[in-house]
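Trainee: Okay, predicted coordinates and the sequence, questions at the end:
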Amino acid sequence: MLRTDLPKIVTEKVPGPKATEILNRRDEALPRALCGYTYPLIIKKGEGAMFEDVDGNKFLDFVGGVGVLNIGYSNPEVIEAVKDQADKYFHCIFNVVGHEGYIELAEKFDEISPVRGTKKKTYFANSGAEADENAIKVAKAATGRQGIICMSGAFHGRTNLTMALTAQKSYAVGMGPFPSDIYRAEFPYLYRAPKGYTEEEAIQYYIEKLKHLFVDAAPANEIAAILVEPLQGEGGFIPAPIEWVKAVRKICDENGILLIADEVQCGNCRTGKYFASEYWAEAGAAPDIIATAKSMGGGMPISAITASAEIMDKVPAGTIGGTYCGNPVSCASALKVMEIMKREDYPGKANHIGEIVMKRYHEFLDKYEEVGDVRGLGAMIGIEFVKTKSGKEPYGKFASTVIAKGIQKGLLMEACGETGNVIRFLAPLCITDEQLNAGLDIMEECIRETEAELA
């Protein structure tokens, strides 16, 4: 059964002949921007943490749809929930004809979201970028201000506004002009903090850099919100230090600024909590607004924006919502995903997986000169490759070579970070211990081979 299988390559190389034929068709039919060969893969079916390609090769997925498949491929209960809803109706635009699934799902998000406020309200969009953009709409409506502070290393999407918010401009080449009143602060990347700083000194350094924006960029009383990923994704899998978050929360409170947590990738049980900002709330620094997407629908397109009723009810009628937002089939999928994740303790699964991965990654850190840092929360973990531990020079070629070798051995991995020198771990949380250990063995084999090849 694919769900419990281990990686196995049956063709001479990847891609095999059938995949190669389909990839050639892709190149003829699709824009060149979508036709890369880093991942020469054509899926036939997927179950759990495994997928099989059209040539019969079986791959273990350490990418999980870039954070979409926390619940895994083809969960039988989710499939049945989607089929059941599809039998009734596919669509109604909620602004015109309501449906109970939307309301029930909103109630459940209101119940579990760790945003400030005793009474909460939620509405839905279709993607992570839409969730972030709508969170900013809410913040502007609630504060009457226009300015937004975002972070270095941030990724928030590919709409015009979210491309402006995203730090890595390779995602926005030639796409301007972008909206104004967006200001960027330096994210606390402790591994690359100024040399010689203690962690406490580094955090204070980043706090002062943020405060200085109010001097040389925009007055605090013109800022609607500060937008932060609790654990940066594309930026390099970098957790926001809790002491820094507490300081940001204090800055927001002192200046009437709202704090938005972008939990598009890190939400829905990935970090050992249902939401990563639960760690913030436990430290007395809960966000005002949460935007989430990816794994909440188990693969169906849906995203959520949650805030207190006081904040939400300041949004003018007609400025939020959309044709497909809160689609009935997506809501049915999301309801079932949440039910399963609570019943089967998916946060606990994330912590269990994270313990195994971090133990092994720390062994890599001790054994290999090119492994510079390992970090993360729960089962959202980054391993950073450098040329030397002392110099910390980013080594993107090392990471890309490890990834290419992994594909030929049946392990799917993906890079992140400004120079592509970090490999992210986002395996489905239903992965078995046997699969996980097999994947880590393959990964170490790839590291060892790459070290010898690039020496």
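Mentor: Right, received. Where do you want to start? Residues are numbered from 1 along each chain as shown.
Trainee: hey, where'd the strands end up in the stretch 201-350 of the chain?
Mentor: 223-228, 231-232, 238-239, 258-263, 289-292, 303-308 (DSSP state E, counting those that start in this stretch).
Trainee: among the ones you listed, which is nearest residue 388?
Mentor: Residue 388 sits nearest to strand 238-239 of all these, at 20.6 Å, using CB to CB. In short, each C-beta sits where N, CA and C put it, glycine included.
Trainee: mind listing what that closest one pairs with, with the direction of each?
Mentor: Strand 238-239 sits in its sheet next to strand 231-232 (antiparallel), going by DSSP bridges.
Trainee: now residue 442: how far from residue 414?
Mentor: 15 Å (CB to CB, to the nearest Å).
Trainee: for residue 114, same thing?
Mentor: 28 Å.
Trainee: how near is residue 83 to residue 336?
Mentor: Distance from residue 83 to residue 336, by CB to CB: 11 Å.
Trainee: So these two - more neighbours on which side?
Mentor: residue 336 (22 against 11; other CB atoms under 10 Å).
Trainee: so what's that one up against?
Mentor: Neighbouring residues of residue 336 by CB atoms under 8 Å, 6 or more residues apart in numbering: 75, 77-78, 80-81, 298.
Trainee: measure residue 101 to residue 329 for me?
Mentor: To residue 329, residue 101 is 9 Å away according to CB to CB.
Trainee: same thing with residue 387?
Mentor: Distance, residue 387 to residue 329, by CB to CB: 49 Å.
Trainee: OK, contacts around the spatially most central residue of the chain?
Mentor: With distances taken as CA atoms, centre = their mean, the residue of the chain nearest its centroid is residue 265 (1.9 Å). Applying CB under 8 Å, 6+ apart, we find residue 265 in contact with 66-67, 128, 229, 231, 233, 294, 380, 426.
Trainee: which stretches of this structure aren't confidently modelled?
Mentor: The chain contains no residues with pLDDT under 70.
Trainee: Run through the helices of it in chain order.
Mentor: Per DSSP state H, the chain carries helices over the ranges 17-29, 64-67, 76-88, 100-112, 128-143, 160-165, 199-216, 242-255, 277-282, 309-312, 328-343, 346-367, 396-408, 433-454.
Trainee: number of nearby residues for the nearest residue to residue 338 once chain neighbours are set aside?
Mentor: Leaving aside its sequence neighbours, residue 338 sits nearest to residue 108 (CB to CB, 6 or more residues apart in numbering; 5.9 Å). Counted with other CB under 10 Å, the neighbours of residue 108 add up to 17.
Trainee: what about residue 108, distance to residue 340?
Mentor: Distance from residue 108 to residue 340, by CB to CB: 13 Å.
Trainee: again, but for residue 453
Mentor: Residue 453 sits 42 Å away from residue 340, going by CB to CB.
Trainee: Just the buried ones among the contacts of residue 336, please.
Mentor: 75, 78, 81, 298 (16 or more other CB atoms under 10 Å).
Trainee: Show the contacting residues for the closest residue to the first one other than its chain neighbours.
Mentor: Using CB to CB, 6+ apart and skipping the chain neighbours, the partner closest in space to residue 75 is residue 298 (6.4 Å). Counting by CB under 8 Å, 6+ apart, residue 298 touches 68-69, 71, 75, 78, 333-334, 336-337.
Trainee: likewise residue 2?
Mentor: Shown in contact with residue 2 (CB under 8 Å, 6+ apart): 45-48, 50-52, 58.
Trainee: what separates it from residue 12, distance-wise?
Mentor: Residue 2 sits 22 Å away from residue 12, going by CB to CB.
Trainee: Residue 189 now?
Mentor: For residue 189, the distance to residue 12 (CB to CB) stands at 42 Å.
Trainee: Make sure residue 335 is actually in contact with residue 108.
Mentor: Yes: using CB atoms under 8 Å, residue 335 is in contact with residue 108, at 7.2 Å.
Trainee: okay, now residue 177: neighbour count?
Mentor: 7.
Trainee: and it, backbone torsions?
Mentor: With angles defined as degrees, to the nearest 10, residue 177 sits at phi -70, psi 160.
Trainee: For it, give its distance to residue 164.
Mentor: For residue 177, the distance to residue 164 (CB to CB) stands at 9 Å.
Trainee: which residues are in contact with both of these two?
Mentor: By CB under 8 Å, 6+ apart, no residue touches both residue 177 and residue 164.
Trainee: Distance from the chain centre to stretch 160-177, please.
Mentor: Counting by CA atoms, centre = their mean, to the nearest Å, stretch 160-177 is centred 18 Å from the centre of its parent chain.
Trainee: So what touches that stretch?
Mentor: 129, 132-133, 136, 148, 150-158, 178-179, 182, 184, 227, 234-235, 418.
Trainee: just the CA coordinates of it, formatted as PDB?
Mentor: Extracted C-alpha coordinates of stretch 160-177, given in PDB (Å, rounded to 0.1, in the frame of the first residue of the first chain):
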ATOM      1  CA  ASN A 160       0.400  43.200  -6.500                       C
ATOM      2  CA  LEU A 161       0.200  44.100  -2.800                       C
ATOM      3  CA  THR A 162       1.800  40.900  -1.500                       C
ATOM      4  CA  MET A 163       4.600  41.100  -4.000                       C
ATOM      5  CA  ALA A 164       5.300  44.500  -2.500                       C
ATOM      6  CA  LEU A 165       5.300  43.000   0.900                       C
ATOM      7  CA  THR A 166       7.500  40.100  -0.100                       C
ATOM      8  CA  ALA A 167      11.200  40.800   0.500                       C
ATOM      9  CA  GLN A 168      12.700  38.500  -2.200                       C
ATOM     10  CA  LYS A 169      12.200  40.500  -5.400                       C
ATOM     11  CA  SER A 170      12.900  37.600  -7.600                       C
ATOM     12  CA  TYR A 171       9.200  37.000  -7.100                       C
ATOM     13  CA  ALA A 172       8.400  40.400  -8.500                       C
ATOM     14  CA  VAL A 173      10.700  41.000 -11.400                       C
ATOM     15  CA  GLY A 174       9.200  43.600 -13.700                       C
ATOM     16  CA  MET A 175       5.900  43.700 -11.900                       C
ATOM     17  CA  GLY A 176       5.800  47.200 -10.500                       C
ATOM     18  CA  PRO A 177       4.700  49.800  -9.700                       C
END
